[in-house]
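Asker: sequence and predicted structure, then a few things I'm wondering about:
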Amino acid sequence: MIHLSNLHKTYPQRDGTTVHALRNINLDVAEGEICGAIGHSGAGKSTLIRCVNLLERPTEGQVIVNGQDLTALSMPALRQARHQMGMIFQHFNLLSTRTVFDNIALPLELARKSRRDIEAAIAPLLALTGLTEKRNIYPAQLSGGQKQRVAIARALASRPKVLLCDEATSALDPHTTQAILALLKDINKEFGITLLVITHEMDVIKQLCQRVAVMHQGEIIEHNDVLSFFTQAKTPLGQRFVQAARRQELSDIIKQRLHSKPDQLQHPVPLLRIFFVGKSAKDPVLSSMQQQFPVAINILQGNLETIQDTPIGIMVIEMRGEEAAQKAAIYYLKQQQLTVEELGYVERDVVAAD
Amino acid sequence: MLNGMWWPLTNALLETLYMVFVSGGLAALFGTPIGALLFLTRPGEILARPRFHHLLGWIVNTTRSIPFIILLVAIIPFTRLVAGTSIGTTAAMVPLTIGAIPFVARIVENALCEIPKGLLEAAQSMGATPLQITRKVLLPEALPNIINGLTLTLITLVGYSAMAGVVGGGGLGDLAIRYGYQRFQGDVMIATVVILVVLVQIIQSGGDLLSRKLRKA
Ligand SMILES: Nc1ncnc2c1ncn2[C@@H]1O[C@H](COP(=O)(O)OP(=O)(O)O)[C@@H](O)[C@H]1O
Ligand SMILES: [Mg+2]
């Protein structure tokens, strides 16, 4: 549905230098998919999403949406194409002098729809976003979450195929964020709308997206699907985002005892983090491993996360036994489709008492 | 007091109101599109035309910097062309309007500058044309501020209209000079001043009220 190829965007500066806001961006978002782009502030996320509806014209490269090369369109044709793309923003961008209803009606007025058609189109949107009671209220009297709901209804009014979300929850508190993410997810399910979501919050990726692109200094440095991103991100930056989002980090006591190499320890015991995803969470993998290999495990931490409605068990264990047996056991775990992260080594008897 | 002056005073007030509100209205009519054009053609805005913007800005500034009393006399040939005469209340409205147009244009431009850029982006993302953006987003959102500016314009026009006597425009200022100053009728002078003060107060309060009503925040 969205196809970006070899996208570059540079901004000439007053002092003669140029800022490379985007470098060689390639991104495909399939119809009905929810794709996220995550990156720190200044990574080029906003520039990227603004290139999709050509609010920003890329210096180089192609932007194809719904089979149309937008960069080749005349201005009137581009405006027409924009009716098929909704966009929501961090700061909502509602008109303060229009009521909720009239804000949502704006795109339809722009498309010169009759008052009757507008009324018919907006009633279900008000119901969908839970704003029916608020239809004649002005934005100043709404909470942040309600304002974003109005913005979402407005973006959907022209029945777009694509919804672009630029930090749509970054100005909201965590509770409201959850509600808005749930709404976006429902919208995707119900209408099959393709979503491109940019954010600096891992929670948004975790809850909403199926695929993720990691951005750094204008480049996409990692493409991944969200489940494997969460269990085995490919880039250090990706791993840092994932770590920051894990509810349960390694406890400080374990962190202090953790060594990267076994050499400094008298009785090194490997510390592993194991991810049980979906089906593998149900099989008794650990106990069958202990039956097959002469190793003993000790669970130090464990918790459950839900990503994309899939439960992921995360366990931190130490594995005792002869080195060869340890190696074989780890190999066995990996063969069972588990993601095993070798965190390092701890001294035996220190972390857990025998 | 004010023996036999009630009718001339009423008449002068009506002339002042006529001059102020009609030329104010005309100035708003012509000044608003000029102000919008000034804004839209700014560098970085949706119709960025820096050269045109600077030229238009220069014309506006030049017109604004001409003292009104000089403008009044200097454009007499133009006034005759438009109003068919260069004397009288209607004729006085030509220089009043011309003097107020650049004032309104700058007020509108400034009011548009204060609209958050995000609103323009949102409208653009919906496929709005520049004209639609101006009519449906920019002007309505800026209206409360524009009303404040127009209030100021009307009050300035009350002052300017006092000079309209120069071209036989009549009005309160003219009355004050002819009776109060030239015929030493102090009571007429005081009466015109009181009426002017009350008029300005009413315009100011009315403008504030309207602006507040339009501001939905
Ligand atoms: N209009 C502009 N002119 C110059 N530089 C810009 C402009 N817009 C963005 N940039 C630069 O491009 C980079 C990426 O910006 P942006 O896309 O807003 O990042 P993000 O949304 O990830 O925080 C930043 O270094 C920013 O300073
Ligand atoms: Mg941004």
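Answerer: Structure received. Ligands and ions are numbered 1, 2, ... in the order given.

Asker: for residue 110, phi and psi?
Answerer: Just going to use chain A. Dihedral pair for residue A:110: phi -60, psi -30, per degrees, to the nearest 10.

Asker: look at chain B instead
Answerer: The phi/psi pair for residue B:110 (degrees, to the nearest 10) is phi -60, psi -40.

Asker: what is the least confident helix or strand in chain B?
Answerer: The weakest-scoring helix or strand in chain B, judged by mean pLDDT, DSSP states H and E, is helix B:172-175 (a mean of 86).

Asker: the residue most central in space within chain A: which element?
Answerer: Most central in chain A under Cα atoms, centre = their mean is residue A:205, positioned 1.8 Å from the mean C-alpha point. Applying DSSP states H and E as the criterion places residue A:205 in helix A:202-208.

Asker: could I get the full set of strands for chain B?
Answerer: Taking DSSP state E as the criterion, chain B carries no strands.

Asker: low-confidence ranges, the stretch 201-350 of chain A, go.
Answerer: A:247-249, A:279-282, A:349-350 (pLDDT under 70).

Asker: tell me where the chain has helices.
Answerer: Using chain A. Remark: helices assigned in chain A by DSSP state H are A:45-52, A:75-82, A:100-110, A:115-128, A:144-156, A:174-191, A:202-208, A:226-232, A:236-245, A:252-257, A:285-292, A:323-335.

Asker: that's the wrong chain, I meant chain B
Answerer: B:6-40, B:50-65, B:68-74, B:76-83, B:89-113, B:117-125, B:130-132, B:139-161, B:172-175, B:186-214.

Asker: who in chain B is up against chain A?
Answerer: B:116, B:118-119, B:121-129, B:132, B:136-137, B:140-141, B:143-144, B:214-217 (Cβ under 8 Å from any Cβ of the partner chain). (Each C-beta comes from the backbone N, C-alpha and C, glycine too.)

Asker: any of these buried? List them.
Answerer: Neighbour counting by 16 or more other Cβ atoms under 10 Å in any protein chain shown classes B:119, B:121-129, B:132, B:136-137, B:140-141, B:143-144, B:215 among the residues of chain B next to chain A as buried.

Asker: neighbours of the residue lying closest to residue B:74 once chain neighbours are set aside, how many?
Answerer: Leaving out its chain neighbours, the residue that sits closest to residue B:74 by Cβ to Cβ, 6 or more residues apart in numbering or on different chains is residue B:66, at 7.3 Å. Other residues within reach of residue B:66, judged by other Cβ atoms under 10 Å in any protein chain shown, total 16.

Asker: for the one 5 residues further on, same thing?
Answerer: Around residue B:71 sit 18 other residues, with neighbours defined as other Cβ under 10 Å.

Asker: residues in contact with it?
Answerer: By Cβ atoms under 8 Å, 6 or more residues apart in numbering or on different chains, the contact set of residue B:71 is B:63, B:95, B:98, B:99.

Asker: determine which two of the residues you listed are furthest apart.
Answerer: Using Cβ to Cβ, those span at most 11.0 Å, a distance reached by B:63 and B:95.

Asker: out of these two, which sits in the busier spot?
Answerer: residue B:95 (28 against 16).

Asker: now that one: closest residue in space, sequence neighbours ignored.
Answerer: Using Cβ to Cβ, 6+ apart, the closest residue to residue B:95 is residue B:72 (4.6 Å).

Asker: check residue A:250 too.
Answerer: residue A:316 (6.6 Å).

Asker: again with residue B:160
Answerer: Closest to residue B:160 by Cβ to Cβ, 6+ apart is residue B:68, at 5.0 Å.

Asker: for residue B:34, see how far away that neighbour is.
Answerer: 19 Å (Cβ to Cβ, to the nearest Å).

Asker: any idea how far residue A:157 lies from residue B:121?
Answerer: Applying Cβ to Cβ to residue A:157 and residue B:121 gives a distance of 17 Å.

Asker: for residue B:140, what are its contacts?
Answerer: A:95, A:97, A:98 are the contacts of residue B:140 under Cβ under 8 Å, 6+ apart.

Asker: return only those of those residues found close to ligand 1.
Answerer: Contacts with ligand 1 are made by none of the contacts of residue B:140, judged by Cβ under 6 Å from any ligand atom.

Asker: just those residues now: which is nearest ligand 1?
Answerer: Nearest to ligand 1 among those: residue A:95, at 23.6 Å, using Cβ to the nearest ligand atom.

Asker: can you count the residues close to the residue of chain B at minimum distance from ligand 1?
Answerer: Closest to ligand 1 within chain B is residue B:44: 8.4 Å, counting by Cβ to the nearest ligand atom. Other residues near residue B:44 number 7, with proximity taken as other Cβ under 10 Å.

Asker: next up, the contacts around residue B:217.
Answerer: Under the criterion of Cβ under 8 Å, 6+ apart, the neighbours of residue B:217 are A:96, A:138, A:140.

Asker: could those residues be laid out in TSV, adding pLDDT and distance to ligand 1?
Answerer: Formatted as TSV, the contacts of residue B:217 follow (pLDDT from 0 to 100; distance: Cβ to the nearest ligand atom, whole Å):
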residue	pLDDT	distance to ligand 1
A:96	95	24
A:138	95	29
A:140	94	27
